[in-house]
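Visitor: return a 3D structure for these sequence lines:
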Amino acid sequence: MIDIADLFADEPPLVDTSGKAVPKNVRAILDSGLEIPCALKYDGIRDNCRKYLVLAESVDWYKHWVKTLVVGEWPSDVQLALSVGKHVDPEKWRKTEAFKYASQMRIECEKRIPV
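Guide: Residues are numbered from 1 along each chain as shown. Now for the predicted structure:
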């Protein structure tokens, strides 16, 4: 389980003050078929785009991987990045089957919002 409070422990959270639309209804469908609703955390501006981290709670990242990331509404000026959290040991994770298949994640956008 990802403790979202830990993500903010080192620094104050960034806030999107643009007033523009944000991604909505983001879900991760795992290799097991389980669908998990995801939280979003604003992560600043990169290459003239707003960046948000996608946080999937209650996932054992050593055993499961995201087969499909579904975004209900996705503004055209937003980049998304999947965050596995600080609790995952990168060396241990790279040796798992989940890491091997993580690069095959599909992304489905139900509605693109022009900005």
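Visitor: ok, which stretches of the chain are strands?
Guide: 24-30, 35-46, 49-56, 66-75, 78-83, 106-109, 112-113 (DSSP state E).
Visitor: partners of the closest residue to residue 47 other than its chain neighbours in the sheet?
Guide: Once flanking residues are discounted, residue 47 sits nearest to residue 79: 7.7 Å by CB to CB, 6 or more residues apart in numbering. C-beta: built from backbone N, CA, C; applies to glycine. On the basis of DSSP bridges, residue 79 takes part in beta bridges with residue 51.
Visitor: what's the pLDDT at residue 79?
Guide: Here, the pLDDT recorded for residue 79 equals 95.
Visitor: which residues does it contact?
Guide: Counting by CB atoms under 8 Å, 6 or more residues apart in numbering, residue 79 touches 46-47, 49-52.
Visitor: quick check: the farthest pair among the residues you listed?
Guide: Using CB to CB, the two most remote members of these are 47 and 52, lying 13.9 Å apart.
Visitor: who's more crowded, these two?
Guide: A count of neighbours by other CB atoms under 10 Å puts residue 52 above the other of residue 47 and residue 52, at 24 against 6.
Visitor: okay but that one is in contact with residue 77, surely?
Guide: No - Residue 52 is beyond contact range of residue 77, at 11.1 Å (criterion: CB atoms under 8 Å).
Visitor: low pLDDT regions in this structure?
Guide: 1-10 (pLDDT under 70).
Visitor: which residue would you name as the spatial centre of it?
Guide: residue 54 (1.9 Å; CA atoms, centre = their mean).
Visitor: so what's it up against?
Guide: 26, 28, 38-40, 69, 80-83.
Visitor: only whichever of the residues you listed are buried, select them in ChimeraX.
Guide: The buried residues among these can be selected in ChimeraX (16 or more other CB atoms under 10 Å) with this line:
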select :26,28,38,40,69,80,82,83
